[in-house]
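1. Generate a structure from the sequence data that follows.
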Amino acid sequence: MGVDTELFTPAIKKAQETLNIGFLGRLVPEKGLDILFTAVSQLKQQDLDCQVTICGSGKSEAELRQEVAAQQIGDRVIWRGAVRHEAAPVELGKFDVLVLPSRTVDTWKEQFGHVIIEAMAMGIPVIGSTCGEIPHVIDCQDLVFPEGNPVALAEILKRLICDRNWRAEMGNYGIERVDKYYSHQRIARRLIEQW
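-> Numbers count the residues shown, from 1 in each chain. Modelled structure (predicted):
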């Protein structure tokens, strides 16, 4: 489960006032987007500026759009639709942070979350829930929140909004972690060592 670090490479980002919170994945209940929307609503109530870009499609899109309307954050959410894998680097490059708010259900929990290492390779901080393997892939307590807890997610997002130095530090952390564990070259080397 490696990442192509020549394809997913750090992008030169322009400093912008509004934090762009990204999601790339299936629009299904277990991905926890309702938790993200609740967190964004809390940030809005605190007058903290951010927007959310949703890349993906799935059976829950209509319900999620209703949730956005109910949370009164429609002005902050952009729906991009499904994104083919070869276009993922371009879309990820527009994010200031990637959020994977997955929740465990009876028949599923997050097994890896490949988009995590793709974003990390690009220097994009990744926030994830405690669902399945997410905390082990991220391996940074400051970027992991208890699954199903929008208050804890909002606190991490607030820190990213208010502390640009920490945001940059977490982006660099991701690049270093991918270089150490998840690049194709590193995984190939580890396999050879095992054999």
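
2. where exactly do the strands run in this protein?
-> In the chain, strands defined by DSSP state E lie at 19-24, 50-55, 77-81, 97-100, 126-129, 144-145, listed in chain order.

3. can you list contacts of the lowest-mean-pLDDT helix or strand in the chain?
-> Lowest on mean pLDDT, DSSP states H and E among the helices and strands of the chain sits helix 184-194, with a mean of 86. If you take Cβ atoms under 8 Å, 6 or more residues apart in numbering as the criterion, helix 184-194 is touched by 1-5, 179-181. Where you see a C-beta, it was placed from the backbone N, CA and C, and this is true even at glycine.

4. so which of the residues you listed is the most crowded?
-> Among those, Val3 has the most neighbours (other Cβ atoms under 10 Å), with 23 neighbours.

5. didn't it look like it was pressed against Asp179?
-> No. Between Val3 and Asp179 there is no contact under Cβ atoms under 8 Å: 10.1 Å.

6. Helices of this protein, residue ranges please.
-> Assigned by DSSP state H, the chain shows helices spanning 33-45, 61-70, 88-92, 114-121, 134-138, 150-162, 164-177, 184-194.

7. Confidence-wise, which of the ones you listed is weakest overall?
-> When these are ranked by mean pLDDT, helix 184-194 comes last with a mean of 86.

8. and it, which residues are buried?
-> By 16 or more other Cβ atoms under 10 Å, the buried positions in helix 184-194 come out as Arg186.

9. can you give me how far it is from the chain middle?
-> 26 Å (Cα atoms, centre = their mean, to the nearest Å).

10. Render the CA-only coordinates of that helix in PDB, please.
-> This file holds the C-alpha atoms of helix 184-194, laid out as PDB (Å, rounded to 0.1, in the frame of the first residue of the first chain):
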ATOM      1  CA  HIS A 184       7.000   2.800  -3.200                       C
ATOM      2  CA  GLN A 185      10.800   2.900  -2.800                       C
ATOM      3  CA  ARG A 186      10.600   2.400   1.000                       C
ATOM      4  CA  ILE A 187       8.100  -0.400   0.800                       C
ATOM      5  CA  ALA A 188      10.100  -2.200  -1.900                       C
ATOM      6  CA  ARG A 189      13.200  -1.900   0.300                       C
ATOM      7  CA  ARG A 190      11.400  -3.300   3.300                       C
ATOM      8  CA  LEU A 191      10.000  -6.200   1.200                       C
ATOM      9  CA  ILE A 192      13.600  -7.000   0.000                       C
ATOM     10  CA  GLU A 193      14.800  -6.900   3.600                       C
ATOM     11  CA  GLN A 194      12.100  -9.300   4.600                       C
END
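
11. picking that back up, quick one: which of the contacts of helix 184-194 is nearest to Val40?
-> Of all the contacts of helix 184-194, Val3 has the smallest distance to Val40: 27.4 Å, by Cβ to Cβ.

12. List the residues that contact the closest residue to Arg177 other than its chain neighbours.
-> Nearest residue to Arg177, sequence neighbours excluded (Cβ to Cβ, 6 or more residues apart in numbering): Met120, at 6.0 Å. Contact partners of Met120, counting by Cβ under 8 Å, 6+ apart, are 126, 138, 174-175, 177-178, 182.
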